[in-house]
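Enquirer: Generate coordinates for the sequence data below:
(2 chains)
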Amino acid sequence: MRNSWVTWVFVLLLAIVPTAVFSGYHLFQLTMVVVYAVAILGMAILVGFNGQISLGHGAFYAIGAYTTAILMTTFDVPYWVTIPISAVVCAGFGFVIGLPALRLAGHYLALTTFALAVAVPQVLKHRWFEDWTGGVQGLVIDKPDAPFGLPLSSDQWLYLFSLGVAVVMYVLAWNLVRGRIGRAMRAIRDHATAAEAMGINLAMVKTRTFAVSAMYTGVAGSLGAIAVAFVAPDSFSVFLSITLFVGLCAGGAASIPGTIVGAVFIEFVPNLADKVSKAAPGAVYGVILIAMLFLLPMGAGGFLSGLWRKAVGSRMAAIGETRPVAAGHEVGVGVDLAGSLSTADPVHARRGESVKP
Amino acid sequence: MEGLIHQIISGIATGGIYASVSLALVMIYQATHHINFAQGEMATFSTYITLTFINMGMPYWAAFFLGVAVSFGIGVAIERILIRPMGNAPILSAVGVFVGLLLVINSLSGWFFDYTIKQFPSPFPDQALLGGYISGHQLGSTGVTLGVLVAVYLFFRHTSLGLAMRAAALNPVSARLVGVRVGWMLALGWGLAAAIGSVAGCMVAPVVFLDPNMMAGILLYAFAGALLGGIDSPLGAVLGGFAVGVIENLGGAYLVGTELKLTMALVIIVSVLTVRPSGLLGRTVQSRV
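Expert: Residues are numbered from 1 along each chain as shown, chains lettered A, B, ... in the order given. Sure thing, here's the model as predicted:
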């Protein structure tokens, strides 16, 4: 366990370095990596650990972003106060949307959330909410400066601020999925009926997981809105939801470190691909997504932690350690997903059928 | 009153398009129990192919049928290359592959045929019929849609190939035991779905104009239609498609305004799935655990 702490402190120190090295646009890109990482973490909690497939998390991202923007422009709330408010608002929305989701599984949930993602920009543009949302024009918000007279540019401060929020969110998520509730979430994913027979309250765990997941993605939306300093309905099209989904699959659905890989992927790959052609980002996303699902079904995170486990496991074997799995970071999460992804188990493959028409 | 009739008739005309896309979705769902998120993009791509043939100087109907044939081939190829290996994969992987397919085909449409909005010719006369209630294109496209539906019905009901495909979808193991080549039947199902999508694309393109994202909204209505009618019932999907067309038009005109039309699709989807998940004509499936 101490080993893992050292790794994380090292990663954190490494994450602070860019503040000194980069500036301007590059730092903004890194801020967006942090933002996307939190958003994808929210999806991972729902999709990877609880098995509820969502193609509509862009909607929660949009709700978070708009909550922050409206609070900052209309009500003059300081930017850091908007984050917890937006967390509560998004958790509420997530809980409400989680209720019909209880009756849906597999493809149907993916379909419904997909429809949600398509519908969101229209709702944001609608004239009923125009006084608050600014309609098609969107809202411009001020970039916050560094507090306490710290000698930092506002880009540097935003990066550190987002990083700080993200670290808290990651620690919470890490504890959540490794604890009792996390085990219940995974049990539901792997076999809902068996989980219920073990005394897990399916409805409670699933709706609350939905709420937590929406909260994470909503907070990411708030951070993103502050970093971009602008929100408009068309930034939250269905493509945002698909982008987050691609990031999730690229990083590995049930891998917390993988969410960072996924965020780096969706921030930088389109920029590189854009230089080839306008159509290239979509094509690259699509091809890589399909290739990942065929070649690395556990995603980059699952693949890397597999390598890690192998390295650590072989060392343990050499010194006579008898519990190689417990020594790994993922403690069964990666293993679970590997099992459910690679086997031809009909229970998993057709899980949607128990609820569907 | 006149306005109401007008709205209903044009709702039926757009509903015909949704009905064909719903039918394509149901074809794939019946065979593989997957919902094809890329159906709309496949139809758009097929429409571009048809437009290319027309621009090469072919007569409309020759280009139309050639486009349908090429789409059929593409559908079969996609099934054999991408979907077959995913046969036993969990749902997340299947959804991922469909989303990937959606992204790839959408970008290819933009890449090959460029992002500018293009006009697409209609084969039907441009004049109002039935006392001004319906345009030539609306009547013609509804007729073509109904023709497709009848053809599909006759194919499944009265040909041995159709029978084999139904058998493969209903009970793959027994079908294989009596000598049906189940794998190829699924591929044929994909081909048919792509062909039907191509017809729908050619019928809708003159109305909404052709661009790579043409089908995004239509796909959503088609989902709603398929679910409303019952996702495992072809007839139900067709009726559902028409119904959604009418509901959408009436709702847009009298209830919520045109800005929230897509939200209406979401409402239909959610209410069908929560109130009557098997749809109007679908079977309720029970599965053992």
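Enquirer: Now do the helices in chain B.
Expert: Counting by DSSP state H, chain B has helices at residues B:2-32, B:39-55, B:60-78, B:91-113, B:136-158, B:160-170, B:172-177, B:182-208, B:216-229, B:234-250, B:261-275.
Enquirer: And chain A, is the first one touching that?
Expert: Looking back up the chat, that one is helix B:2-32. No: counting by Cβ under 8 Å from any Cβ of the partner chain, chain A has no neighbours in helix B:2-32; the shortest distance is 8.6 Å. All C-beta atoms are positioned from the backbone trio N, CA, C, and that covers glycine.
Enquirer: Work out the gap between that helix and the centre of the chain.
Expert: The chain centroid and the centroid of helix B:2-32 are separated by 9 Å under Cα atoms, centre = their mean, to the nearest Å.
Enquirer: pLDDT on that helix, on average?
Expert: Averaged across helix B:2-32, pLDDT comes to 83.
Enquirer: Which neighbouring elements make contact with that helix?
Expert: Counting contacts by 3 or more Cβ pairs under 8 Å, 6 or more residues apart in numbering or on different chains; DSSP states H and E, helix B:2-32 is packed against helix B:39-55, strand B:134-135, helix B:136-158, helix B:160-170, helix B:182-208, helix B:216-229, helix B:234-250.
Enquirer: What is the burial count for A:A311?
Expert: Under the neighbour criterion other Cβ atoms under 10 Å in any protein chain shown, A:A311 is assigned a count of 11.
Enquirer: B:A24 too?
Expert: B:A24: 33 neighbours (other Cβ under 10 Å).
Enquirer: B:Y153 too?
Expert: B:Y153: 14 surrounding residues under other Cβ under 10 Å.
Enquirer: what's the distance between it and chain A?
Expert: Using Cβ to the nearest Cβ, to the nearest Å, one gets 22 Å for the distance from B:Y153 to chain A.
Enquirer: Now do the same contact list for that residue.
Expert: By Cβ atoms under 8 Å, 6 or more residues apart in numbering or on different chains, B:Y153 lies in contact with B:P234, B:L235.
Enquirer: What residues does the stretch 1-150 of chain A have near chain B?
Expert: Within the stretch 1-150 of chain A, the positions near chain B by Cβ under 8 Å from any Cβ are A:47, A:51, A:53, A:55, A:100, A:103-104, A:106-108, A:110-112, A:114-116, A:118-119, A:122-123, A:125-127.
Enquirer: Next up, the contacts around the nearest residue to A:Q137 once chain neighbours are set aside.
Expert: Excluding the flanking residues, the one nearest A:Q137 by Cβ to Cβ, 6 or more residues apart in numbering or on different chains is A:A232, at 7.0 Å. A:A232 is in contact with A:G134, A:V136, A:Q137, A:G138, A:L139, counting by Cβ under 8 Å, 6+ apart.
Enquirer: if we go to 10 Å?
Expert: A:A232 is in contact with A:65, A:69, A:121, A:124-125, A:133-140, counting by Cβ atoms under 10 Å, 6 or more residues apart in numbering or on different chains.
Enquirer: Then B:G3?
Expert: B:G3 sits next to B:A253, B:Y254 when contact means Cβ under 10 Å, 6+ apart.
Enquirer: Distance-wise, check it relative to B:Y254.
Expert: Distance, B:G3 to B:Y254, using Cβ to Cβ, to the nearest Å: 9 Å.
Enquirer: any idea how far A:D155 is from A:F268?
Expert: Counting by Cβ to Cβ, the separation of A:F268 from A:D155 is 18 Å.
Enquirer: now swap in A:T82 and tell me
Expert: Using Cβ to Cβ, A:T82 is found at 19 Å from A:D155.
Enquirer: which one of the two has more residues nearby?
Expert: Legend: neighbour count by other Cβ under 10 Å for A:T82 and A:D155, higher for A:T82 (25 against 21).
Enquirer: Which secondary structure element is home to the more buried one?
Expert: helix A:79-101 (DSSP states H and E).
Enquirer: That helix - what's its average pLDDT?
Expert: The model assigns helix A:79-101 a mean pLDDT of 88.
Enquirer: Spatially central residue for chain A, please.
Expert: Centroid check for chain A by Cα atoms, centre = their mean gives A:I40 as the closest residue, at 1.6 Å.
Enquirer: Now that residue. Nearest residue, chain neighbours left out?
Expert: Leaving aside its sequence neighbours, A:I40 sits nearest to A:T259 (Cβ to Cβ, 6+ apart; 4.3 Å).
Enquirer: low-confidence ranges in chain A?
Expert: Within chain A, the stretches with pLDDT under 70 are A:1-4, A:149, A:277-279, A:313-357.
Enquirer: typed the wrong thing, it's the stretch 1-150 of chain B
Expert: B:129-133.
Enquirer: Can you name the residues of it sitting close to chain A?
Expert: Residues of the stretch 1-150 of chain B found near chain A (Cβ under 10 Å from any Cβ of the partner chain) are B:25, B:29, B:33-38, B:82, B:85-112, B:114-115.
Enquirer: what number of residues lie near the closest residue in space to B:R84 that isn't next to it in sequence?
Expert: Leaving aside its sequence neighbours, B:R84 sits nearest to B:G183 (Cβ to Cβ, 6+ apart; 7.0 Å). For B:G183, the count of nearby residues is 15 (other Cβ under 10 Å).
Enquirer: so who does B:Q30 touch?
Expert: Contact analysis of B:Q30 by Cβ under 10 Å, 6+ apart lists B:156, B:165-166, B:168-170, B:186, B:189, B:193, B:231-234, B:237.
Enquirer: let's see 7 Å
Expert: B:A169, B:D232 (Cβ atoms under 7 Å, 6 or more residues apart in numbering or on different chains).
Enquirer: Touching, A:H126 and B:E259? I think so.
Expert: Yes: at 5.4 Å, A:H126 counts as touching B:E259 under the criterion of Cβ atoms under 7 Å.
Enquirer: Between those two, which is the more surrounded one?
Expert: Using other Cβ under 10 Å as the criterion, A:H126 and B:E259 rank with A:H126 on top: 17 against 14.
Enquirer: Can I get whichever helix or strand A:L41 is part of as CSV, trimmed to CA atoms?
Expert: Here A:L41 sits within helix A:24-43, counting by DSSP H and E. Provided in CSV are the C-alpha atoms of helix A:24-43 (Å, rounded to 0.1, in the frame of the first residue of the first chain):
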residue,chain,number,x,y,z
GLY,A,24,-0.7,30.1,-22.1
TYR,A,25,-2.3,27.7,-24.5
HIS,A,26,-0.3,24.6,-23.5
LEU,A,27,-1.2,25.1,-19.9
PHE,A,28,-4.8,25.5,-21.0
GLN,A,29,-4.7,22.2,-22.8
LEU,A,30,-3.3,20.6,-19.7
THR,A,31,-6.2,22.1,-17.7
MET,A,32,-8.6,20.6,-20.1
VAL,A,33,-6.9,17.2,-19.7
VAL,A,34,-7.6,17.5,-15.9
VAL,A,35,-11.2,18.5,-16.7
TYR,A,36,-11.8,15.6,-19.1
ALA,A,37,-10.1,13.2,-16.6
VAL,A,38,-12.7,14.1,-14.0
ALA,A,39,-15.5,13.8,-16.5
ILE,A,40,-14.3,10.4,-17.7
LEU,A,41,-13.9,9.3,-14.1
GLY,A,42,-17.6,10.0,-13.6
MET,A,43,-18.4,7.8,-16.6
